[in-house]
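Visitor: I would like to see how this sequence folds:
(chains A and B)
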Number of protein chains: 2
Amino acid sequence: MLSEVTVPQKGLSDFAPIVGDDVVRELKSLAGKLAGSRVLHINSTSYGGGVAEILYTLVPLMRDVGLDAHWKVISGEPEFFTVTKAFHNALQGMPLSLDEKARETYLRICRLNAEHFSGEWDFVVIHDSQPAGMIRYLSKGGARWVWRCHIDLTTANDTYWQFLDPIVEQFDAAIFTLPQFVPRDLRLGLVKTMPPCIDPMTVKNDAVSRDEAVRIVEGFGLDSKRPILLQVSRFDPWKDPLGVVDAYRIVKKKRPEVQLVLLGSMASDDPEGWDYFERTARHVGEDRDVHLLHNVKGCGNLEVNAFQVLAEVVIQKSTREGFGLVVAEALWKGKPVVAGKAGGIPLQVLDGRTGFLVEGVAPCAERILYLLEHPKEKEEMGRAGRKHVLENFLCTRNLKDYLEIFTQLREQTAAVRNR
Amino acid sequence: MLSEVTVPQKGLSDFAPIVGDDVVRELKSLAGKLAGSRVLHINSTSYGGGVAEILYTLVPLMRDVGLDAHWKVISGEPEFFTVTKAFHNALQGMPLSLDEKARETYLRICRLNAEHFSGEWDFVVIHDSQPAGMIRYLSKGGARWVWRCHIDLTTANDTYWQFLDPIVEQFDAAIFTLPQFVPRDLRLGLVKTMPPCIDPMTVKNDAVSRDEAVRIVEGFGLDSKRPILLQVSRFDPWKDPLGVVDAYRIVKKKRPEVQLVLLGSMASDDPEGWDYFERTARHVGEDRDVHLLHNVKGCGNLEVNAFQVLAEVVIQKSTREGFGLVVAEALWKGKPVVAGKAGGIPLQVLDGRTGFLVEGVAPCAERILYLLEHPKEKEEMGRAGRKHVLENFLCTRNLKDYLEIFTQLREQTAAVRNR
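Guide: This next block holds a predicted model:
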């Protein structure tokens, strides 16, 4: 129950060559006022998924700027995780019922984890719904509690939200990814929105030499001398891989040398994923210039990075999307992205500046062709995209957002005390 | 180390309505002379794979006819199973090297398992290569040791076989599946061959009503009123699923109402399997009358049974095959099988009597069409196929083979004593 996660050391100054000395200085100054603050992050898993990825960077950076930051994960019986998976899915819109037994299991395990809660904290940040219920069983003491919701609640199952809402309202602040994800009926003193972020120094985003990228990409049977169109996404209807194939076919008529890569990640316990993979494969047929790649074939973070580095145009033809952080990853490699207007994509793809927002197959093909035929504009958009990510979607911005929220919460507390 | 597997009770007399009273009587009489014999089977896994399936039936039947039969499985660290998997693959022809560390690991774990060997036995049956090395670390006492090899050794990697051969020669007898699988250099007093077998009373082979089969098959999107061609096999080049699709296309030109089902089983740790599945899917294209099914989509034993029951023609277009027991399963459901001349298939498919042996796509299509257009002959061949399995490939025959080998070994022992 509640075990601490060991994180690597990271130095903020290592990011200076990327973000600039001014940013590093500003962060250190912001953190100075919070020096020694005890911060506890709690989530449900130390490995796998975007939240763990973000904490792996955020917690070391908080420590590096002088906060006493820790990260703990909750635990529970398998049944608990079945229940919390249902919470996760229902809050993203899945029509599930919530029976008495599930409520009871959820609260019982939250209470058990709360009993193992220890230490004195200034800020407790609870990530997503799994550990949220712990707050019901703890006295806050001097701590300010923040709920960080990483998922899209716009189509949340109301039964689940009505159960969670009073729990969330016990917090001092809540953070959502996009303004439209904030539930309308939430009554809370401090509500912030902050997009997710990428760490430019991980294997997924760190510079890969062109030679290594060529070696990797050719290892998967591609010709690195011919243009590559790339979409990195799960094989599911909302990422529209069939539409991407159709757009590629239109492009291919005018530019027969293009190759298409659809790169996803597959889980053995996800039959719908394999089903949609098959549907995509059958739609593709035997065109050897289309490559369907995934983790089971050995395509991991480094390989994704290599494909992004070598791609001529990156596509993200989503019709529904959370934030779509993979777009930021591609922009970071200086690639303009031709993408659907869904979820957080328009924040990243500024139409005509860092890529193109499109609806439908023909416009998608048209924009891809435009980029292929205007290498100068393409390069310029790529530069603008990287700059846009640098200014808005790096982990240093994420650190800054947290430091600002902590500062604001501390000022509130001080104001109350001085009243 | 060496844990006993609990098996269900099975009564030989329950098989009487299928195999006849005479067979049951004969088995009981054979077993009578061995009454009370202590038999220990040892293999490497209690679940998954053909060997475990066979022991699940064989051990209870041995008990039912009066033998004191037991089944134990070895255990070891993950590294041991990596090594034994290499043994298994190399003995089937994979070009792998065998280093000193692998030999040492194999023998060390065999010795550890041997140290946990206990009890007094008349017959010890070791299945496949994983536990074979145990014999090096045990004194046989009064027991006779039998090595049962379930795999095809015709293209065995010689380095591995040379390592295993002296171990096997410590046994009193060895059993192989087909005469051609017996290594030429094996020096052993008693070598037998016996094909594998199916249990007609398991969910895979027990009678399924037509109504239930229709419900299952339609649940996977097929039209039960139109003819179904079926191949049940892994997606790999030696089962030639692409050739099956080509044969289906020829058939489809004359009989546009046919549907094709390729039904396999997929493992998440088998990238080659998923790769070949993708290749098959891409070869199929978007023809909605071709259905690619597998366990991840919920196609298990009962579903295989239902498809076999409803299929018009079953295909097994293998170019390389061990025994191909799935052919016996189809024949058991009264379906003639159009099959490649590989491994144990010609023992099951008697050309022109229980199905057709074919080479190449066009002859395969031709035979499928012949069967579709000659329903009377088809039915007759189906009946002959079921009879052929009844007489040769049921678990009762397997029991008989073991009883005969045990009897022979006991007579040898007696002869030596009387000398």
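Visitor: all contacts plus neighbour counts: C-alpha atoms, from now on.
Guide: Noted.
Visitor: ok, A:T354 to A:P195 distance?
Guide: 17 Å (Cα to Cα, to the nearest Å).
Visitor: who has more neighbours, the two?
Guide: A:T354 (27 against 20; other Cα atoms under 10 Å in any protein chain shown).
Visitor: Residues of the stretch 151-300 of chain A that sit close to chain B?
Guide: Residues of the stretch 151-300 of chain A lying close to chain B (Cα under 8 Å from any Cα of the partner chain) are A:267-269, A:271, A:275, A:278, A:281-286, A:296-297.
Visitor: Out of these, grab the one that's most surrounded.
Guide: A:A281 (26 neighbours).
Visitor: Next up, identify which helix or strand it is on.
Guide: helix A:271-284 (DSSP states H and E).
Visitor: what's in contact with stretch A:382-391?
Guide: A:19, A:328, A:331-336, A:348-349, A:353-355, A:397 (Cα atoms under 8 Å, 6 or more residues apart in numbering or on different chains).
Visitor: Now pLDDT, secondary structure and distance to chain B too, for those, in TSV please.
Guide: Formatted as TSV, the contacts of stretch A:382-391 follow (pLDDT from 0 to 100; DSSP: H, G, I helix; E, B strand; the rest coil; distance: Cα to the nearest Cα, whole Å):
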residue	pLDDT	secondary structure	distance to chain B
A:V19	96	helix	40
A:A328	97	helix	30
A:L331	98	helix	30
A:W332	98	helix	31
A:K333	97	coil	29
A:G334	97	coil	32
A:K335	98	coil	29
A:P336	98	coil	30
A:Q348	97	helix	33
A:V349	98	coil	33
A:R353	98	coil	37
A:T354	98	coil	34
A:G355	98	strand	31
A:R397	97	helix	38
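Visitor: Buried subset of those as a PyMOL selection?
Guide: A single PyMOL command selects the buried members of the contacts of stretch A:382-391 (16 or more other Cα atoms under 10 Å in any protein chain shown):
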select buried, chain A and resi 19+328+331+332+333+334+335+336+348+349+353+354+355+397
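Visitor: Now distance to B:E359 too, for the contacts of stretch A:382-391, in a markdown table please.
Guide: Shown next, in a markdown table, are those (distance: Cα to Cα, whole Å):
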| residue | distance to B:E359 |
| --- | --- |
| A:V19 | 66 |
| A:A328 | 54 |
| A:L331 | 54 |
| A:W332 | 55 |
| A:K333 | 53 |
| A:G334 | 54 |
| A:K335 | 52 |
| A:P336 | 53 |
| A:Q348 | 57 |
| A:V349 | 56 |
| A:R353 | 60 |
| A:T354 | 57 |
| A:G355 | 55 |
| A:R397 | 66 |
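Visitor: and which of the contacts of stretch A:382-391 is nearest to A:S139?
Guide: Within these, distances to A:S139 taken as Cα to Cα reach their minimum at A:R397, with 31.3 Å.
Visitor: For A:Y56, see how far away the closest one is.
Guide: Taking Cα to Cα, one finds A:R397 at 15 Å from A:Y56.
Visitor: on that earlier part again, please save the CA atoms from the helix holding A:A281 in CSV.
Guide: Output of helix A:271-284 as CSV, limited to C-alpha atoms (Å, rounded to 0.1, in the frame of the first residue of the first chain):
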residue,chain,number,x,y,z
PRO,A,271,-9.1,-7.6,-29.1
GLU,A,272,-10.6,-4.5,-30.6
GLY,A,273,-7.1,-3.2,-31.3
TRP,A,274,-6.2,-6.3,-33.2
ASP,A,275,-9.5,-6.3,-35.0
TYR,A,276,-9.0,-2.8,-36.3
PHE,A,277,-5.4,-3.6,-37.2
GLU,A,278,-6.7,-6.5,-39.4
ARG,A,279,-9.3,-4.1,-40.9
THR,A,280,-6.5,-1.7,-41.7
ALA,A,281,-4.3,-4.4,-43.1
ARG,A,282,-7.1,-5.7,-45.4
HIS,A,283,-7.9,-2.1,-46.5
VAL,A,284,-4.2,-1.7,-47.4
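Visitor: Output the contacting helices and strands for it.
Guide: helix A:241-254, helix B:271-284 (3 or more Cα pairs under 8 Å, 6 or more residues apart in numbering or on different chains; DSSP states H and E).
Visitor: What are the contacting residues of the helix or strand just after that helix?
Guide: Once the chain leaves helix A:271-284, the next helix or strand it forms, by DSSP H and E, is strand A:290-294. Contacts to strand A:290-294, defined as Cα under 8 Å, 6+ apart, come from residues A:Q259, A:L260, A:V261, A:L262, A:L263, A:G264, A:S265, A:M266, A:A281, A:V284, A:C299, A:G300.
Visitor: Strand A:290-294 - what's its average pLDDT?
Guide: In this model, strand A:290-294 carries a mean pLDDT of 97.
Visitor: How about stretch A:262-275?
Guide: The model assigns stretch A:262-275 a mean pLDDT of 84.
Visitor: So which bits of the helix or strand where A:L61 lies are buried?
Guide: In the assignment (DSSP H and E), A:L61 maps to helix A:50-64. By neighbour count on 16+ other Cα under 10 Å, the buried set for helix A:50-64 is A:51-64.
Visitor: Could you do stretch A:216-226 as well?
Guide: A:I216, A:V217, A:L222, A:D223, A:S224.
Visitor: same check, this time on stretch A:4-22
Guide: Per 16+ other Cα under 10 Å, stretch A:4-22 contains these buried residues: A:V5, A:K10, A:L12, A:S13, A:F15, A:V19.
Visitor: Mind checking which of the residues you listed are in strands?
Guide: The members of those all map outside strands under DSSP state E.
Visitor: quick check, nearest of these to B:I228?
Guide: Closest to B:I228, out of all of those and judged by Cα to Cα, is A:V5, at 55.0 Å.
Visitor: my read: that closest one touches A:K72, true?
Guide: Yes: counting by Cα atoms under 8 Å, A:K72 is a contact partner of A:V5 at 5.6 Å.
Visitor: Please state the offset of the host helix or strand of A:R111 from the chain centre?
Guide: Using DSSP H and E, A:R111 sits within helix A:100-115. Centre-to-centre, helix A:100-115 and its host chain are 28 Å apart (Cα atoms, centre = their mean, to the nearest Å).
Visitor: got it, and stretch A:396-410?
Guide: 19 Å.
Visitor: For chain B, give me its nearest residue in the stretch 51-200 of chain A.
Guide: A:T82 (19.5 Å; Cα to the nearest Cα).
Visitor: give me the element that residue is part of.
Guide: helix A:78-91.
Visitor: what helix or strand does A:N305 sit in?
Guide: helix A:301-310.
Visitor: Which neighbouring elements make contact with that helix?
Guide: helix A:210-219, strand A:228-232.
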